[in-house]
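Visitor: Any chance you can model this:
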Amino acid sequence: MSLKLTELANLRNIGIMAHIDAGKTTTTERILFYTGQIHRVGEVHEGNTTTDWMVQEQERGITITAAAVTSTWKNHQINIIDTPGHVDFTIEVERSLRVLDGAIAVFDGVSGVEPQSETVWRQADKYRVPRICFVNKMDRVGANFVKSVASIRERLAASPVPFQLPIGGEDQFSGVIDLIKMKALVWGVGDCKGEVWQELPIPADLADEAAAARDFLVEQIANCDDVLAEKYLDGQLISETELKMAARRATIGFKFVPVFCGSAFKNKGVQPLLDAVIDYLPSPIELPNVEGMDVEDEEKQLTRKRTQEDYFSGLAFKIMSDPFVGQLTYVRVYSGMISVGDVVLNTRTLKRERIAKILRMQANDREELESVGAGEIVAIAGFKLIATGDSVCDHKHPIRFESVIFPEPVISIALEVKSSADTDKLQKALDRLQNEDPSFRVSFNAETGQTLLSGMGELHLEIIVDRLKREFKVECNVGKPQVSYRETISANGRVEETHRREGAGINQFAQVTIEFSPSTRDGVLTFENKVKENKLPKIYVEQVKKGLEESLLAGPIAGFPVVGVKACLIDGRFDPAIPDPNAFKVAASMALRRGLRGASPLLLEPVMALEVIAPDDYLSNVITDLNSRRAQVNNVTMRGHLQCVEANAALSEMFGYSTQLRSISQGRATFTMKFASYEQVAALTLKRITGL
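Guide: Got it, this is the predicted structure:
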């Protein structure tokens, strides 16, 4: 059953987010163990953690899909989503943060803020998600808590406030100093599972450092609270409860970010982190009412209270296929209650959907519920026409929420089935994968006959191809897509063409005079007829146009489609004795081929508009690399504390750019790319394509 209204204060919906290999999944595994949800600790390197349940995750030791789990700590229910750290799967972080109330940002104690840490931090900023920080791996050689906190301040433009200090460092790391209680929390060496720790006086050699850190902590909390500020300035004693309550308000209000530390792998510091989730991250009822819009009038704003007493509303933020249940839709319930058998409205399709099952997920395991209320995150079976980002609600009181923002794909590969018998199977598999992952796109290039898969990076597409093989039993050949070049003309030309055919039972005659000239309309033929109908009937003119259009599919240079051509029919003659309209289609086709060759044909290539966002330290690397790709840099501007480079580049030069950009910027730069125009190819490209 769902939580009662009076218990919503004891509910936390949080995400674990970080750069790849910072320890998110290990931290989640320890949380599940210490809260009694699991009875054996799994390890990432052994491929047996709870949340990394996909075969691809276990083999690679990385998180690919966001996994939802639920645990209980000190009479509080904590719904956790363990998100991926690899940039290729950023959509999983995006849609998770869209529905979460709080987050734990995990940092490597050696590296501090890493590239993807910046990305997920900006995503949390966008959705206004309060968060706390956990500096992990304090047992590693080179771990430095002070530097890690400094990197949070400098790279993320945040206001980190340490609530703990580490005791010892590297292999001597044994625990933390709680700056609220002013006690040392020490985990015993012999206790390998970390279930028992001692609360001791602060070691003498750390007393001065702890006192200074405590003063800074109290000062920062007081700066965010008028009542405490007055007591602080008067030198009055501030209680532990007062500090925690004020720190909670400051965290939820984005005044500062509490920072904790530990070593999840060595089982130290996780329990105090759980306490911090309860103490400083918000429950659903502490957040503002949910804002949405009227289904019929988007200008009209609506709200829902985050209680079970309001009308039901929720957001579908993730779709996945379960081999036993079928399609599951993850829904964040914002208001009201729903039960199995209820009918709800999808405000995008305006179709009603019946709820067949309500499931509380434990990664890939499930627990059936009869009903669920405001504040919960559950999976629902039974929806037929639903997509990521859809709003579901009481069909008598509709409301639509802002959808999830999907990033545009940045890299593509070509796919061909090894056996034509698998064509239908491939299409069904791709449809299902697209439904699960909105950052994955599929298109078909009729010119090359290739199916193109587009995604967020090479690893993203590698996982897709692997899933096609393992889950859907579809064997495919994978290769790079071909660039779709175009041809055009740069001069005028006039051609008179006569088509005559006699014998074998076929007699045809047609004569046309056509002028060709460049046109500003890139995509279609511009056709004009100057011959009067009494001289050339309309049926013949239509065949002239049809012959021209069909012949434009292959140009004279390299057989690519022809664009930007205007054809004007100046004259035409037919033989009344053999009135065959097809003769004019043939004549027009012959005239076009000859006319294009005599009108200075050009080969065009697609040029992309590129926007690269990079820290200032990597700006020169980015521009140097763009220059090597024949890109034209148009503008460089500041966007916040980052540099924004606007450029145009030929698509043929941009394959592999995603991987190269990460390499030259240590993964800290991102880019978007979209089609801009077709432009004349360089001489070297023309020679490579034509061999001339």
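
Visitor: Now do the helices in the stretch 51-200 of the chain.
Guide: Residue ranges of the helices in the stretch 51-200 of the chain, as given by DSSP state H, counting those that start in this stretch, are 55-60, 90-97, 115-126, 145-155.

Visitor: Can you check the pLDDT for G640?
Guide: Predicted confidence (pLDDT) for G640: 65.

Visitor: residues contacting T659?
Guide: 457-458 (C-beta atoms under 8 Å, 6 or more residues apart in numbering). To be clear about C-beta, it is placed using only N, CA and C from the backbone, and glycine gets the same treatment.

Visitor: and it, that one's in a strand?
Guide: No - if the criterion is DSSP: H, G, I helix; E, B strand; the rest coil, then T659 is helix and not within a strand.

Visitor: measure it to F671 for me?
Guide: Applying C-beta to C-beta, to the nearest Å, one obtains 12 Å for the distance of T659 from F671.

Visitor: Can you name the helix or strand that A212 falls in?
Guide: Element membership of A212 [criterion: DSSP states H and E] is helix 207-223.

Visitor: In three-state terms, label L468 for me.
Guide: In terms of secondary structure, L468 is helix; the call rests on three-state DSSP.

Visitor: Surely it and L426 touch.
Guide: Yes - between L468 and L426 there is a contact under C-beta atoms under 8 Å: 7.2 Å.

Visitor: Looking at these two, which is more packed in?
Guide: When L468 and L426 are compared for neighbours, L468 comes out ahead with 23 against 20, by other C-beta atoms under 10 Å.

Visitor: which ones are touching the closest residue to that one other than its chain neighbours?
Guide: For L468, ignoring the flanking residues on the chain, the nearest one in space by C-beta to C-beta, 6 or more residues apart in numbering is V474 at 4.7 Å. V474 is in contact with 417, 422, 425-426, 429, 468, counting by C-beta under 8 Å, 6+ apart.

Visitor: where does the stretch 1-150 of the chain dip in pLDDT?
Guide: Applying pLDDT under 70 to the stretch 1-150 of the chain flags the ranges 1-6, 39-66, 85-89.

Visitor: where exactly do the strands run in it?
Guide: Using DSSP state E, counting those that start in this stretch, the strands of the stretch 1-150 of the chain run over residues 11-18, 67-73, 76-82, 102-108, 131-136.

Visitor: picking that back up, out of the helices of the stretch 51-200 of the chain, which one sits most buried?
Guide: helix 90-97 (a mean of 26; mean count of other C-beta atoms under 10 Å).

Visitor: distance between it and the chain's centre?
Guide: Shown here is helix 90-97, whose average C-alpha point lies 6 Å from the average C-alpha point of the whole chain (C-alpha atoms, centre = their mean, to the nearest Å).

Visitor: So for stretch 386-395, what gets flagged as buried?
Guide: Within stretch 386-395, the residues that qualify as buried are 386-395, counting by 16 or more other C-beta atoms under 10 Å.

Visitor: now those residues in TSV, with pLDDT?
Guide: Formatted as TSV, the buried residues of stretch 386-395 follow (pLDDT from 0 to 100):
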residue	pLDDT
I386	89
A387	87
T388	86
G389	88
D390	91
S391	93
V392	95
C393	94
D394	93
H395	91
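
Visitor: Make TSV out of these and add distance to H19.
Guide: Converted to TSV, the buried residues of stretch 386-395 look like this (distance: C-beta to C-beta, whole Å):
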residue	distance to H19
I386	32
A387	29
T388	24
G389	26
D390	31
S391	32
V392	33
C393	36
D394	41
H395	43
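
Visitor: now, which of those residues sits nearest G555?
Guide: For those, the residue nearest G555 by C-beta to C-beta is A387; the value is 39.8 Å.

Visitor: didn't the closest one look like it was pressed against I319?
Guide: Yes - the pair A387 and I319 passes the contact test of C-beta under 8 Å, sitting 7.2 Å apart.

Visitor: Quick check: neighbours shared by these two?
Guide: Common contact partners of A387 and I319 (C-beta under 8 Å, 6+ apart): N435.

Visitor: Which residues are in contact with the nearest residue to L610 once chain neighbours are set aside?
Guide: Distances taken as C-beta to C-beta, 6+ apart put A647 closest to L610, at 4.7 Å, once the chain neighbours are dropped. For A647, the contacting residues are 609-612, 626, 631-634, by C-beta under 8 Å, 6+ apart.

Visitor: Mind doing that once more with 7 Å?
Guide: Neighbour list for A647: 610, 626, 631-634 [criterion: C-beta atoms under 7 Å, 6 or more residues apart in numbering].

Visitor: ok, now F516?
Guide: The neighbourhood of F516, defined by C-beta under 7 Å, 6+ apart, consists of 489, 492-493, 565, 567, 595-596, 599.

Visitor: Equivalent analysis for V392, please.
Guide: V392 makes contact with 314, 316, 331, 344-346 under the criterion C-beta under 7 Å, 6+ apart.
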